[in-house]
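Chemist: A predicted structure for the sequence below; I have some questions about it.
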Amino acid sequence: MLPCPSAILRNISQADFKNICAQGYENTGKNQAMENNRQLSLGIVDETTIRNVLPHDGESIYFGPLFAPEDADMHLAFLLNNIPWKHDETMMFGRRITTARKVAWYGDPGCDYTYSGNTKRALAWTPELYGLKERVEEQSGSQYNSCLLNLYSNGEQGMGWHQDNEAELGENPIIASLSFGATRRFDFRHKESREKVSVMLEHGSLLLMKGGTQENWQHQLPKTKKVLTPRVNLTFRTIAH
Ligand SMILES: O=C(O)CCC(=O)C(=O)O
Ligand SMILES: [Mn+2]
């Protein structure tokens with residue numbers, strides 16, 4: 001088998017690389033691997049293609065991928081295998097339903113989050129998640145104290161129209177959305193004019209929603225039969241408490 005290019009760049013062995021993917025950074029000089037990863041990821045973003053997806057009444061900035069493909073692969077493998085994924089519960093048409101997608105909620109101590117009549121207690125950051133948070137903070141210029149993770153096994157799983165405007169998020173919240181795995185279309189719909197715009201969220205990419213985005217627009221991850229592989233999405237948020 002050819003050595004993984006990412007492992008060569010990091011100067012770690014194939015065995016260690018496999019270990020990272022299977023078990024997280026626990027046994028493999030995690031600080032060095034994360035520092036190397038941070039350095040490698042700087043400069044990946046193509047500054048010329050950064051754009052605001054929304055035409056007015058909000059800012060949702062698409063940065064494209066923050067990571068080299070091999071590094072994004074490693075993060076995806078880590079997230080799929082090491083997060084305690086659980087089905088979510090939500091209210092729909094007044095009834096409590098269990099979602100097909102799975103979720104997890106991480107954050108600083110005391111970062112409880114209530115949505116759809118459901119309160120979540122934050123799990124403590126892992127080194128991997130904390131590293132991703134720092135990378136996103138560096139790119140977006142904002143700080144976050146919590147993260148909602150969503151796992152969509154394939155295109156048959158999605159998320160319906162909504163806005164993230166819970167009281168805990170404050171006015172005009174800044175939400176940083178990091179995606180790994182299958183590229184999926186992400187839609188915005190203006191609340192008054194019903195105008196729609198879409199962006200394809202790629203493996204390792206960042207979408208930064210801010211300004212009037214949550215007040216004036218709804219968003220959804222539509223279902224599709226064309227996508228057969230999983231996607232993990234992390235939305236970094238700031239909860240007031
Ligand atoms: O999976 C996505 O890209 C969207 C997730 C989302 O909108 C949310 O968690 O509120
Ligand atoms: Mn959302």
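Modeler: Everything's here; your move. Ligands and ions are numbered 1, 2, ... in the order given.

Chemist: and stretch 183-195, does that touch ligand 1?
Modeler: Yes - using Cβ under 6 Å from any ligand atom, a contact is recorded between stretch 183-195 and ligand 1, made by residue 186. Yep, even glycine has a C-beta here, placed from its N, CA and C like the rest.

Chemist: Give me the contact list for that stretch.
Modeler: Stretch 183-195 is touched from outside by 53-55, 57, 60, 152, 155, 158, 161, 163, 196-203, 207, 213, 216-222, 224, 227, 231, with contacts defined as Cβ atoms under 8 Å, 6 or more residues apart in numbering.

Chemist: what about 7 Å?
Modeler: Surrounding stretch 183-195, the residues in contact under the criterion Cβ atoms under 7 Å, 6 or more residues apart in numbering are 53-54, 57, 60, 161, 196-203, 207, 216-222, 227, 231.

Chemist: Can you list which of the residues you listed are found in strands?
Modeler: Members of the contacts of stretch 183-195 lying in strands (criterion: DSSP state E): 60, 161, 196-201, 207, 217-221, 231.

Chemist: I'd like the distance between residue 67 and ligand 1.
Modeler: Distance of residue 67 to ligand 1, computed by Cβ to the nearest ligand atom, to the nearest Å: 17 Å.

Chemist: returning to that earlier point: among the ones in strands among the contacts of stretch 183-195, which ones lie close to ligand 1?
Modeler: Checked against ligand 1 using Cβ under 6 Å from any ligand atom, the ones in strands among the contacts of stretch 183-195 give the following subset in range: 201, 219, 221.

Chemist: Ligand 1: which of the residues you listed is nearest?
Modeler: Distance to ligand 1, by Cβ to the nearest ligand atom, is smallest for residue 221 among those, at 4.6 Å.

Chemist: residues near the closest one, how many?
Modeler: Burial of residue 221 is recorded as 22 neighbouring residues (other Cβ atoms under 10 Å).

Chemist: With residue 176 instead?
Modeler: Residue neighbour count, defined by other Cβ under 10 Å, stands at 25 for residue 176.

Chemist: and what of residue 93?
Modeler: Residue 93 has 5 neighbouring residues, counting by other Cβ under 10 Å.

Chemist: what does residue 92 give?
Modeler: Burial of residue 92 is recorded as 10 neighbouring residues (other Cβ under 10 Å).

Chemist: Quick check: bridge partners of it?
Modeler: Legend: beta-bridge partners of residue 92 under DSSP bridges are residue 95.

Chemist: just residue 178 next, same as before
Modeler: With DSSP bridges applied, residue 178 shows beta-bridge pairing to residue 206, residue 234.

Chemist: and it, what does it touch?
Modeler: With contacts defined as Cβ under 7 Å, 6+ apart, residue 178 is in contact with 132, 136, 206, 234.

Chemist: hmm, try it at 6 Å
Modeler: Neighbour list for residue 178: 136, 206, 234 [criterion: Cβ atoms under 6 Å, 6 or more residues apart in numbering].

Chemist: what's the spacing between the last one and residue 55?
Modeler: Applying Cβ to Cβ, to the nearest Å, the value for residue 234 to residue 55 is 26 Å.

Chemist: The two: which is more packed in?
Modeler: Using other Cβ under 10 Å, the more surrounded residue of residue 234 and residue 55 is residue 234, with 25 against 10.
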